[in-house]
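Peer 1: Sharing a model that was predicted from the sequence below.
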Amino acid sequence: MTDRICVGAFAGSFGVAGEVRLKSFCAEPEALASYGPLYSEDGSRSFTIKLTRPVAGGLGARVSGVATKEQADALKGVSLYADRDRLPKLPDDEFYHSDLIGLEARDTGGALLGIVTAVHNHGAGDLLEIEGEGRKSPLLLPFTLAVVPTVDLVARCVVIDLPEGLD
């Protein structure tokens, strides 16, 4: 498990006075500002965020040290990370995406299917991407209790009940 979790990203500038547009990855989008300071992926930069208003495609915000549209534009694409200990504790059946990435994926018989390499969400629920030796393309499986009945973070493994027709 990592010490920091990705909670959002800069999506560009908003207006001409240095305001930024944020994309939040939090269950409650506005919570992103309460986890600060936030950091770039490599930890070399920190950001203090003050939300200003909802905007199309995200949240408007002011960032310490950003006063111009050009400075705001320069942040576009930078992911924002919060210290894990500043985030809420999750119930037993919920997980941060970063905790799932790198886990072994095994079928219900114990055979290794591969490694969870990514978690995607395109609006209809989370999908686990699993890559394994001998696979021409990764498996994309819904992260539901029916397909993934067991997540064991201690053993670093997920159990997959493969839907019929997948191998």
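Peer 2: Received, thanks. Residues are numbered from 1 along each chain as shown.

Peer 1: Pull the contacting residues for the residue nearest to Leu90 when sequence neighbours are not counted.
Peer 2: In this structure, Leu90 finds its nearest non-sequential neighbour in Tyr96, 7.0 Å apart by Cβ to Cβ, 6 or more residues apart in numbering. In short, each C-beta sits where N, CA and C put it, glycine included. By Cβ atoms under 8 Å, 6 or more residues apart in numbering, the residues touching Tyr96 are 5, 84, 87, 90.

Peer 1: Show me what the helix or strand bottoming out on mean pLDDT in the chain is in contact with.
Peer 2: Least confident element among the helices and strands of the chain, by mean pLDDT, DSSP states H and E: helix 97-100 (a mean of 89). Contact partners of helix 97-100, identified using Cβ under 8 Å, 6+ apart, comprise 1-2, 5-6, 116, 119, 126, 128, 143, 151, 153, 158.

Peer 1: Tell me which helix or strand comes right after it.
Peer 2: strand 104-107 (DSSP states H and E).

Peer 1: And that following strand, what does it pack against?
Peer 2: strand 112-121, strand 157-160 (3 or more Cβ pairs under 8 Å, 6 or more residues apart in numbering; DSSP states H and E).

Peer 1: What's the mean pLDDT across the last one?
Peer 2: Taken as a whole, strand 157-160 has a mean pLDDT of 96.

Peer 1: How far does the least confident helix or strand of the chain sit from its chain's centre?
Peer 2: 8 Å (Cα atoms, centre = their mean, to the nearest Å).

Peer 1: Pull out the buried positions in it.
Peer 2: For helix 97-100, the neighbour count (16 or more other Cβ atoms under 10 Å) marks 97, 99-100 as buried.

Peer 1: before we move on, what about stretch 127-135?
Peer 2: Buried-residue list, stretch 127-135, by 16+ other Cβ under 10 Å: 127-130.

Peer 1: just checking, which of the residues you listed belong to strands?
Peer 2: Judged by DSSP state E, those include 127-130 as members of strands.

Peer 1: Nearest to Asp107 among the residues you listed?
Peer 2: Nearest to Asp107 among these, counting by Cβ to Cβ, is Ile130 at 10.8 Å.

Peer 1: returning to what we had before: dump the ones in strands among the buried residues of stretch 127-135 into CSV; add pLDDT and distance to Ala56 as well.
Peer 2: Listed next are these as CSV, based on pLDDT from 0 to 100; distance: Cβ to Cβ, whole Å:
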residue, pLDDT, distance to Ala56
Leu127, 92, 26
Leu128, 95, 30
Glu129, 95, 29
Ile130, 95, 35
